[in-house]
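Asker: Quick one, fold the following:
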Amino acid sequence: MTFAASLGFSGTLSRADEPAKLTDGLRPLALQPLPLGSIKPAGWLQKQLRIQANGLSGHLDEFWPDLKDSAWIGGNREGWERGPYWLDGVVPLGYLLDDAKLKEKVKRWMDYILEHQHDDGWLGPRRSKEERERPQMDPWPLFVLFKAVLQYEEATKDERVLPAIQKCLKRIEKLLDEKPLDSWGKSRAADFVWCIHRLYDRTGDKALLDLAAKVHRQGYDWSKHFENFPFTDKTTGKDGQISHGVNTGMALKQPGVWFRQSKNPGNRDAVFTAFKMLDKYHGQATGMFSCDEHLAGRNPSQGTELCTVVETMFSLEVLLSILGDPELADRLERITFNALPATFKPDMCAHQYDQQCNQVVCKLADERVYVDNGPDSNLFGLEPNYGCCTANMHQGWPKFTSHLWMRTPDDGLAVISYAPCTVNTHVRGKPVRIEVRTDYPFDESARITIHTKEKIRFPIYLRFPEGTKFMSERLGPGEKPVGHEHFQGKWDVRDRAWEDGVTMTLKFDWLIKVRRGYHDSVAIERGPLVYALKVGTDWKLIKGKPPFADWEVYPTTPWNYALRLDLEHPDKSVTFTKRAVSDRPFSPEGAPVQAKVKGRRVPEWKIVKNAAGPLPESPVASKEPDEELTLIPYGCTSLRVTEFPLLKSP
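Answerer: Numbering: from 1, shown residues only. The predicted model follows:
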């Protein structure tokens, strides 16, 4: 059965439950990511990637010792995960922007790593001089390196890459026979299996599947873990690897990755069980889960680590390609447009280790609510708490951009997200260029224009986003719009002959939704965006020299409000206004959308342990006067309240 036939005109991808076409290899991908460089950012997204390149991502290697003097390029500093982490984000960033300076930096690193491969096949330092506590040959950093060099090969067609990886895999396989995976490698084995599968897809070498099976056996069984989920409340940090937030974000892909090889529906189903468990016990309004190092419950004052955000995004991108379920794209958008930008300064010259949904102050804190993160964890800085996020944060926006569209098995194209971009690819052997002009997610419309040299028939799979009541489409100015309702979680297929210049104009009728959360709190959602109270800020420099410095952030306006909402008809309680999208949309002053809602102060709700204190159980009473409150997209805030108490009805 073809991809199109499994969907019909509009339907689900059936979560990859059709019989596999291959019996002795890997299950085919439901959606094939396009090679790096096929998709270029446009509009606000191009500006956002440029902000990133002008910030820490594009300059970190010039002054941060763990990159500037990395053992990966012959220096005497860190030779473990930080160099590969940085490359894993900067490779796609450089090639998406076609930035000559970034590409030259990447080439320098790649040349050194490939040219200094050890005779036995090992890539990179066996152990740097300053890391005697690490195993002499730890395979974990190579999992990250392989992700980076595979992207590099995709963009450059460098013929050195695949043979170098194959040679290194032989050395790793021998090592695994001598010393099975443990620690980080055991917890994060799925990333290695995914890399091996990528290489198998390129070469067809069935010995790679034997290696993938060995790695899987030695890895932690996350499918079983999520099916019998042990962490139903804030953890203590004493469970080690299995309650660790970043490990959990990486692990979300494990059941799906292994499904390609096992073809066991239980592995596929475990993906959705994992998200269900995390939402139930640790879920946050942004689509993320709390983890201030370890899983931390549903309290919106708990933190979520930046590494976990970008690794969860990548897990979703991988799972989308394997399973093709549009619900995964809904979550990917929610995290990308909310959790990702909120954890950076608007200029992306500083970042947090932990963000909080209810984040009312960012300061050095001797007393704190985190499971076991340090006093500087929610500062905006160069290296708050620990340097892993400083190295690993770069992949978020670039990998999201490179997965905006994917190829379908019937040689069509599927829209994963409607962010502005240009797609250059071949369909049925013929060149096709697609322009997506939009301010989505800040605007409810998108124009998709097809450019071809000749008329060509192929399907385009339009995703019906979560929270959309009605999606209308018009082909050309002379045609009447066609509308569709209640297709959430489905693809809406357009299989037709496309001529040069044909434009689809899409309009999304987004519902205003109220999400109920911790202590029966309320959060406002509209389309992919979550809305949070706009809190005034006072930024105080405490360390370093701008722009790459450390900052505390203090509130200058009240934050302790409860909302007055009509839960049955939230559109009667919340009104939205829009303005032009600025060059820096993810900032309080540049927020393209505002929401107005009534609320009252709750004086007894105060700061406790340098965070918003225990969230009052809803509904709450307040004798304070009504005030009109301004909410802006979560990703535009530095300080905020996202989950509010609900006022009692008068």
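Asker: what's near enough to touch the residue nearest to residue 547 when sequence neighbours are not counted?
Answerer: Nearest residue to residue 547 in three dimensions, chain neighbours excluded: residue 349, at 4.0 Å (CB to CB, 6 or more residues apart in numbering). The C-beta positions use only the backbone N, C-alpha and C, and glycine is treated the same way. By CB atoms under 8 Å, 6 or more residues apart in numbering, the contact list for residue 349 reads 55-56, 546-549.
Asker: Could you report the pLDDT at residue 349?
Answerer: pLDDT for residue 349: 98.
Asker: Poorly predicted segments of the stretch 151-300 of the chain, please.
Answerer: For the stretch 151-300 of the chain, applying pLDDT under 70 flags no range at all.
Asker: Please disregard the earlier target; I meant the stretch 401-550 of the chain.
Answerer: Along the stretch 401-550 of the chain, segments meeting pLDDT under 70 span 476-489.
Asker: Mind doing that once more with 80?
Answerer: Along the stretch 401-550 of the chain, the parts satisfying pLDDT under 80 run over 469-489.
Asker: Report the separation between the residue most central in space within the chain and residue 436.
Answerer: Closest residue to the average C-alpha location of the chain: residue 313 at 2.4 Å, with CA atoms, centre = their mean. Look at residue 313 and residue 436: by CB to CB, to the nearest Å, they are 20 Å apart.
Asker: One more: residue 102?
Answerer: Residue 102 is 24 Å from residue 436, by CB to CB.
Asker: who's more crowded, those two?
Answerer: For residue 102 and residue 436, the more surrounded residue by other CB atoms under 10 Å is residue 436, and the numbers stand at 25 against 20.
Asker: related to what we said a few turns ago, got TSV for the contacts of residue 349, with secondary structure, distance to residue 230 and neighbour count too?
Answerer: Shown next, in TSV, are the contacts of residue 349 (DSSP: H, G, I helix; E, B strand; the rest coil; distance: CB to CB, whole Å; neighbours: other CB atoms under 10 Å):
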residue	secondary structure	distance to residue 230	neighbour count
55	coil	39	21
56	helix	36	23
546	coil	44	10
547	coil	43	14
548	strand	40	18
549	strand	41	16
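Asker: Following the chain onward from the helix or strand hosting the residue nearest to the centre of the chain, which element is next?
Answerer: Residue 313 belongs to helix 306-323 when elements are defined using DSSP states H and E. Next in sequence after helix 306-323, counting helices and strands by DSSP H and E, comes helix 326-334.
Asker: helices and strands around that next one, which ones?
Answerer: Packing partners of helix 326-334 (3 or more CB pairs under 8 Å, 6 or more residues apart in numbering; DSSP states H and E): helix 306-323.
Asker: Return the helix it packs on as CSV; C-alpha atoms alone will do.
Answerer: Listed next in CSV are the C-alpha coordinates belonging to helix 306-323 (Å, rounded to 0.1, in the frame of the first residue of the first chain):
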residue,chain,number,x,y,z
LEU,A,306,18.0,23.6,27.6
CYS,A,307,19.9,20.4,26.5
THR,A,308,16.6,18.5,27.1
VAL,A,309,14.7,20.9,24.9
VAL,A,310,16.9,20.5,21.9
GLU,A,311,17.3,16.8,22.3
THR,A,312,13.5,16.3,22.6
MET,A,313,13.1,18.3,19.4
PHE,A,314,15.6,16.1,17.6
SER,A,315,13.9,12.9,19.0
LEU,A,316,10.6,14.3,17.6
GLU,A,317,12.2,15.0,14.2
VAL,A,318,13.6,11.4,14.1
LEU,A,319,10.3,9.9,15.1
LEU,A,320,8.4,11.9,12.5
SER,A,321,10.6,10.4,9.8
ILE,A,322,10.0,6.9,11.2
LEU,A,323,6.3,7.0,12.1
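Asker: residues touching the residue lying closest to residue 516 once chain neighbours are set aside, list them.
Answerer: Distances taken as CB to CB, 6+ apart put residue 522 closest to residue 516, at 6.4 Å, once the chain neighbours are dropped. Neighbour list for residue 522: 514-516, 563, 565, 567, 618, 643-646 [criterion: CB under 8 Å, 6+ apart].
Asker: And the residues you listed, which is closest to residue 611?
Answerer: For the contacts of residue 522, the minimum distance to residue 611 (CB to CB) is 12.9 Å, reached by residue 643.
Asker: Spit out the contact partners of the closest one.
Answerer: Contact analysis of residue 643 by CB under 8 Å, 6+ apart lists 285, 300, 357-358, 517-518, 521-523, 615.
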